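Visitor: No letters, just coordinates:
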Ligand code: UDP
């Protein structure tokens, strides 16, 4: 009833944990801080994701935030097994377009619709319905900058990007080393590339672009994207950094509580947390090397283990948290017995935010997904960068070389795996070395800067407040 009188906004996510998490937090901010009614539209499939279900059925949602499920997509009829991750996602999402218009119409008067970066077809629907449409960009500002320039690069660069001798240059971004380019850019003939280009070339249709970052973290890039003539020409909609928006940990399970109780007994900054995002997977050989390296380092650890696979590094993205097989079968023989005094092995999914927040956690071996990156920064924990797919290699390079809060393990020339000695070296470096202390100091500074951005008067808080006021003013037409 009360909701009916509040200004109403719809937020549309794609079915990936790394996207649902920040979009939900964004929705909560609108509801709690700015008194909006938000309908959170989720694209659903019949593929099970325990982690997604847990998140979307959280009993802690504030009143005024409604989760609306779009009719489930029959994944089997629209996708084929040989589709790569991004193509699979984009094809599924496009199916949801069929129901989007009627669902939006049923919601009644909407002040705005905020849309995920992989669902830009929704801009056309909003245009038909005369509702202002905004984009929510779930990765770093530097990646948004790169994405906005992709259509230009696509016109200007002949042949494959991977054949270029020089790093790709974009105003406001550090040069992107060719080996860091994300997978869809490695072959311009494949569907993944075409989908990426399709969405990036529609970003300019947004009335504004929210980004899960903050001005002070990426000040050089922010200046470029808002002032450089290159971006004015595209033209680039207003860019609004509103982050870091970090998930609230959903209610802890009995097992989660045990993990935290174990952490309570460890010395401060002594534990390495190993987790590769919601869907990251390793090959069996790489998992073996990683486990040996962690063991040889003699450091304390919490190790999230998933079933290894040789098929793809993103094998678990659509089924996050559902693989609860016994992880011990994937680890070197005797690993558990030899390390039980100082480590915990966790199958599939851990309460990451709670672990990172715990004072005993002193390092994070991460795939450098953007949510994980923000979560580690606001908890002052340095990284071992272990990028796997999407834009993670670029994030890893920036975090190691520019921000100075990550170390990157080195792969020996001619080898395809990170060996156990190298794992041992970087783990020691971060947990007990001088380098770890330096990085912890740096993350500590960033943590303060993030907190400031989110306070009243801070850059991210004010950016959202301005937008909320604008949407409010559009009322009573
Ligand atoms: N996450 C978690 N437990 C795990 C693995 C991941 O809670 O065991 C959460 C993590 O806290 C983060 C999200 O899943 O919020 C992963 O998002 P990110 O952008 O880092 O990576 P992606 O999943 O998109 O690859």
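Guide: Okay, I see it. Just so it is clear, the structure is predicted and the values come from calculations on it, not from any experiment.

Visitor: For residue 192, give me its contacts.
Guide: 84, 85, 86, 87, 183, 184 (C-beta atoms under 8 Å, 6 or more residues apart in numbering). C-betas here are computed from N, CA, C, even on glycine.

Visitor: Sort out for me which of those are in helices.
Guide: Under the assignment DSSP state H, the contacts of residue 192 contribute 85, 86, 87 to helices.

Visitor: looking at those residues, which has the most residues close by?
Guide: Within the ones in helices among the contacts of residue 192, most neighbours by other C-beta atoms under 10 Å means residue 86, with 23 neighbours.

Visitor: and the ones in helices among the contacts of residue 192 near the ligand, which?
Guide: With the criterion set as C-beta under 6 Å from any ligand atom, no member of those is near the ligand.

Visitor: now, which of those sits nearest the ligand?
Guide: Nearest to the ligand out of the ones in helices among the contacts of residue 192 is residue 85 (C-beta to the nearest ligand atom; 10.2 Å).

Visitor: just checking, the closest one touches residue 389?
Guide: Yes: the criterion here is C-beta atoms under 8 Å, and residue 85 meets it with residue 389 at 7.0 Å.

Visitor: what is in contact with these two at once?
Guide: With C-beta under 8 Å, 6+ apart as the test, residue 85 and residue 389 both reach 312, 314.

Visitor: buried residues in stretch 202-221?
Guide: 202-204, 206-218, 221 (16 or more other C-beta atoms under 10 Å).

Visitor: do stretch 94-109 as well
Guide: 95, 96, 100, 103, 104, 107.

Visitor: what's near enough to touch residue 243?
Guide: Contact analysis of residue 243 by C-beta under 8 Å, 6+ apart lists 22, 211, 212, 213, 214, 374, 450, 453, 460.

Visitor: Residue 355 too?
Guide: 259, 260, 263, 273, 302, 361.

Visitor: from these, which two are the most distant?
Guide: Within the contacts of residue 355, 260 and 273 form the most distant pair, 12.0 Å apart (C-beta to C-beta).

Visitor: between the two, who's got more neighbours?
Guide: Neighbour count, other C-beta under 10 Å: between residue 260 and residue 273, residue 273 has more, with 26 against 17.

Visitor: which secondary structure element contains the more buried one?
Guide: In the assignment (DSSP states H and E), residue 273 maps to strand 271-275.

Visitor: quick check: mean pLDDT across the next helix or strand along the chain from that strand?
Guide: Downstream of strand 271-275, the next assigned helix or strand under DSSP H and E is helix 284-297. Average pLDDT, helix 284-297: 97.

Visitor: I'd like the next helix or strand past the lowest-mean-pLDDT helix or strand in the chain.
Guide: Ranking every helix and strand in the chain by mean pLDDT, DSSP states H and E puts helix 2-5 at the bottom, with a mean of 70. Sequence order places strand 8-13 as the next helix or strand after helix 2-5, per DSSP H and E.

Visitor: pLDDT on stretch 429-441, on average?
Guide: In this model, stretch 429-441 has an average pLDDT of 95.

Visitor: ok, and what's touching it?
Guide: 269-272, 297, 299, 362-363, 380-384, 404-407.

Visitor: In strands, which of these fall?
Guide: 271, 272, 362, 363, 383, 384, 406, 407 (DSSP state E).

Visitor: and these as a markdown table, adding neighbour count, distance to residue 122 and pLDDT?
Guide: Output for the ones in strands among the contacts of stretch 429-441, formatted as a markdown table (neighbours: other C-beta atoms under 10 Å; distance: C-beta to C-beta, whole Å; pLDDT from 0 to 100):
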| residue | neighbour count | distance to residue 122 | pLDDT |
| --- | --- | --- | --- |
| 271 | 26 | 42 | 98 |
| 272 | 24 | 41 | 98 |
| 362 | 25 | 42 | 97 |
| 363 | 29 | 40 | 98 |
| 383 | 27 | 34 | 98 |
| 384 | 26 | 37 | 98 |
| 406 | 28 | 35 | 97 |
| 407 | 24 | 40 | 97 |
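
Visitor: for these, which one is nearest the ligand?
Guide: Nearest to the ligand among the ones in strands among the contacts of stretch 429-441: residue 383, at 11.4 Å, using C-beta to the nearest ligand atom.

Visitor: Can you name the residues bridging to that closest one?
Guide: Applying DSSP bridges to residue 383 gives these bridge partners: residue 364, residue 406.

Visitor: Would you mind measuring from it to residue 21?
Guide: As judged by C-beta to C-beta, to the nearest Å, residue 383 and residue 21 stand 18 Å apart.

Visitor: do residue 460 as well
Guide: Going from residue 460 to residue 21 by C-beta to C-beta gives 17 Å.

Visitor: Next: residue 414.
Guide: For residue 414, the distance to residue 21 - C-beta to C-beta - is 39 Å.

Visitor: what's the answer for residue 468, then?
Guide: Distance from residue 468 to residue 21, by C-beta to C-beta: 21 Å.

Visitor: who's more crowded, those two?
Guide: Using other C-beta under 10 Å as the criterion, residue 468 and residue 21 rank with residue 21 on top: 25 against 20.

Visitor: Contact partners for the nearest residue to residue 164 once chain neighbours are set aside?
Guide: Beyond its immediate neighbours in the sequence, the residue positioned closest to residue 164 (C-beta to C-beta, 6 or more residues apart in numbering) is residue 178, lying 5.8 Å away. Going by C-beta under 8 Å, 6+ apart, residue 178 touches 161, 162, 164, 167, 168.

Visitor: Show the buried residues in these.
Guide: 161, 168.

Visitor: Near the ligand, which residues of the stretch 351-477 of the chain? Just list them.
Guide: Contact residues, the stretch 351-477 of the chain versus the ligand (C-beta under 6 Å from any ligand atom): 352, 353, 369, 370, 371, 372, 375.

Visitor: Quick check: residue 410 vs residue 309, distance?
Guide: Distance, residue 410 to residue 309, by C-beta to C-beta: 24 Å.

Visitor: With neighbour numbers in mind, choose between those two.
Guide: residue 309 (15 against 11).

Visitor: Check the more buried one and give its pLDDT.
Guide: You'll see residue 309 listed with a pLDDT of 87.

Visitor: and what of residue 18?
Guide: Value listed for residue 18 in the pLDDT field: 92.

Visitor: Run through the stretch 201-350 of the chain and note the low-pLDDT ranges.
Guide: Where the stretch 201-350 of the chain drops to pLDDT under 70, the residues are 315-317, 319-325.

Visitor: farthest-separated two in the contacts of residue 192?
Guide: Greatest spacing in the contacts of residue 192, by C-beta to C-beta: 87 and 183 (11.1 Å).
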